[in-house]
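[1] Predicted model and sequence below, questions to follow.
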Amino acid sequence: MADLDLSLDYLPRLPRRKDFRIGCIGAGFIMRDCHLVAYRNAGFNPVAIAARRIEQAHEVAQLHGIPKVHASVEDLLADRDLEILDIAVPPDAQPDLIREAAKRGHVRGILAQKPLALNVGDAKDLVERCRQAGIVLGVNQNMRYDQSVRAMKCLLDRGYLGEPVLATIEMRAIPHWMPWSQSLPSLATFVMSIHHLDTFRYWFGTPDRVLASTRPDPRTQFPHTDGINLYILEYERGLRATSWDDVWTGPAREGSESDIGIRWRVEGTEGLARGTIGWPGYPARTPSTLDFTTKRQPGYWLQPRWKEVWFPDAFVGTMAQLLCALEDGTEPAISGRDNVETIALCEAVFAGAKEHRVTAVREFLGS
């Protein structure tokens, strides 16, 4: 029986220096309950905040001990004492903030929300503007720091599953669509499915082709096209990856019993892994899970476990990867340039479902 290393690399690498001065833009749920909770737990240093509603910024500053509240986002962008910008605003408002920060050029790093932009053209423009300004651009594609997702990547890197054959994600969960999502050209693809699409990219790289189908969510009352998303990703080497992103799940809020959760599975030539994502249980601290079996140790299901959870603990990792890149003089693990390919994959899914055709990711990447 072979000895397997079960000390899986599921936690983020932290920077040596934790006192980078962080300026926060936005004071909604993601900033208040995820970013700032995670940063305080990790010992990071948010020193200023601004939001569209200054009273909300004051409330969050008091809650998290942030010493400076700027009267406006413009004032915060002009604050030359800040080294890092942490942006948590709707995706249609984010690009102009990044362009303005790049124009001013004095911050060293920006952590943007996912998606970096709502199309590849805008995303590439932001990457180039930050490059010219000498700003390191990272993206808060936070499911990559879910503990089961990172542990699965570790299994793949160690070869415990051999060559990947089939990967699936089955999501039966009801997101809370924020008011700003009503005005976006896409609902589920760029807000929810992007998590799973980026996870597949993290595990296996960017696929070659996409087959996709979508329909509106019966529960969501405002007009939208992409609610329930189904898609298959094809890789030239033979791997297939697929997700059922079911934001309906049956009438769980309208009187029936519920069956809510997220399960994933990866099958390889040498082993099999399966897991769950704990996020649907939020605000309860429900850790994600991983079980795996491998020909290297036949006859066993191995079940590593941890106490950390996706929300809010994963948000340590998205900021840490930016700070580590600044220390090392390298590109962040989830850089703006990397996120361009995730956005192209979202565009391929959205177009494939809308136009009823097989799409190739390269057609959306451009030159």
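    Received it, and whenever you're ready, just let me know what you need.

[2] how does this protein divide into domains?
    As assigned by automatic domain parsing, the chain contains the domains 21-143+316-333, 147-310+343-360.

[3] Let me know which of those is tucked in deepest.
    domain 21-143+316-333 (a mean of 20; mean count of other C-beta atoms under 10 Å). Placement of C-beta: from N, CA and C, glycine included.

[4] Could you work out the end-to-end span of it for me?
    21 Å (C-alpha to C-alpha, to the nearest Å).

[5] So what's the model's average confidence on it?
    For domain 21-143+316-333, the mean per-residue pLDDT is 98.

[6] Report the contact partners of the spatially most central residue of the chain.
    With distances taken as C-alpha atoms, centre = their mean, residue 141 lies nearest the centre of the chain, 2.4 Å away. Residues in contact with residue 141 (C-beta atoms under 8 Å, 6 or more residues apart in numbering) are 114, 194-195, 198, 318, 334, 339, 342.

[7] about what we covered before: turn the domains of the chain into JSON lines, columns for distance to residue 13.
    Formatted as JSON lines, the domains of the chain follow (distance: least, C-beta to C-beta, whole Å):
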{"stretch": "domain 21-143+316-333", "distance to residue 13": "6"}
{"stretch": "domain 147-310+343-360", "distance to residue 13": "11"}
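
[8] Residue 5: which of those domains is closest?
    Ranking these by proximity to residue 5 (C-beta to C-beta) places domain 147-310+343-360 first, at 7.3 Å.

[9] now the closest one, how far from the centre of its chain.
    Centre-to-centre, domain 147-310+343-360 and its host chain are 12 Å apart (C-alpha atoms, centre = their mean, to the nearest Å).

[10] Quick one: the strands in the stretch 51-200 of the chain, in order.
    68-69, 84-87, 109-113, 136-140, 164-172 (DSSP state E, counting those that start in this stretch).

[11] Sheet partners, orientation included, of the second one?
    Each strand that pairs with strand 84-87, with its direction, by DSSP bridges: strand 21-25 (parallel), strand 109-113 (parallel).

[12] so how far is residue 81 from residue 113?
    23 Å (C-beta to C-beta, to the nearest Å).

[13] Now intersect the contacts of residue 141 with the helices, please.
    Among those, the members found in helices (DSSP state H) are 194-195, 198, 318, 339, 342.

[14] Just the C-alpha atoms of stretch 100-117, please, in CSV.
    Taking C-alpha atoms only, stretch 100-117 is exported to CSV below (Å, rounded to 0.1, in the frame of the first residue of the first chain):
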residue,chain,number,x,y,z
GLU,A,100,-9.2,56.4,-13.0
ALA,A,101,-6.9,54.7,-10.6
ALA,A,102,-4.5,53.9,-13.5
LYS,A,103,-4.6,57.5,-14.6
ARG,A,104,-3.5,58.7,-11.2
GLY,A,105,-0.9,55.9,-11.0
HIS,A,106,0.3,56.1,-7.4
VAL,A,107,-1.2,52.9,-6.0
ARG,A,108,0.9,49.7,-6.3
GLY,A,109,-1.8,47.2,-6.6
ILE,A,110,-5.6,46.8,-7.3
LEU,A,111,-7.8,43.9,-6.3
ALA,A,112,-10.8,44.0,-8.6
GLN,A,113,-14.0,42.0,-8.3
LYS,A,114,-14.9,39.2,-10.6
PRO,A,115,-15.6,39.6,-13.4
LEU,A,116,-12.9,42.2,-14.2
ALA,A,117,-15.3,43.5,-16.9
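
[15] ok, residue 122 - contacts?
    Residues counted as contacts of residue 122 (C-beta under 8 Å, 6+ apart) are residue 95.

[16] wait, residue 314
    By C-beta under 8 Å, 6+ apart, the neighbours of residue 314 are 38, 142-147.

[17] about what we covered before: do you know which of the domains of the chain lies nearest residue 366?
    If you check each of the domains of the chain against residue 366 by C-beta to C-beta, domain 21-143+316-333 wins as the nearest, at 6.3 Å.

[18] so how far is that closest one from its chain's centroid?
    15 Å.

[19] got a list of what the residue nearest to residue 271 when sequence neighbours are not counted touches?
    Using C-beta to C-beta, 6 or more residues apart in numbering and skipping the chain neighbours, the partner closest in space to residue 271 is residue 294 (3.4 Å). Contacts of residue 294 were listed using C-beta under 8 Å, 6+ apart, and they are 4, 160-161, 270-272, 302.

[20] Look up how far residue 341 lies from residue 294.
    30 Å.

[21] now residue 143
    The spacing between residue 143 and residue 341, counted by C-beta to C-beta, is 15 Å.

[22] same question, residue 366
    In terms of C-beta to C-beta, residue 366 sits 12 Å off from residue 341.

[23] give the contact list for residue 258.
    249-250, 252.

[24] Output those as JSON lines; include the columns distance to residue 75, secondary structure and pLDDT.
    As requested, the contacts of residue 258 are exported to JSON lines (distance: C-beta to C-beta, whole Å; DSSP: H, G, I helix; E, B strand; the rest coil; pLDDT from 0 to 100):
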{"residue": "249", "distance to residue 75": "43", "secondary structure": "coil", "pLDDT": "97"}
{"residue": "250", "distance to residue 75": "48", "secondary structure": "coil", "pLDDT": "96"}
{"residue": "252", "distance to residue 75": "44", "secondary structure": "coil", "pLDDT": "94"}
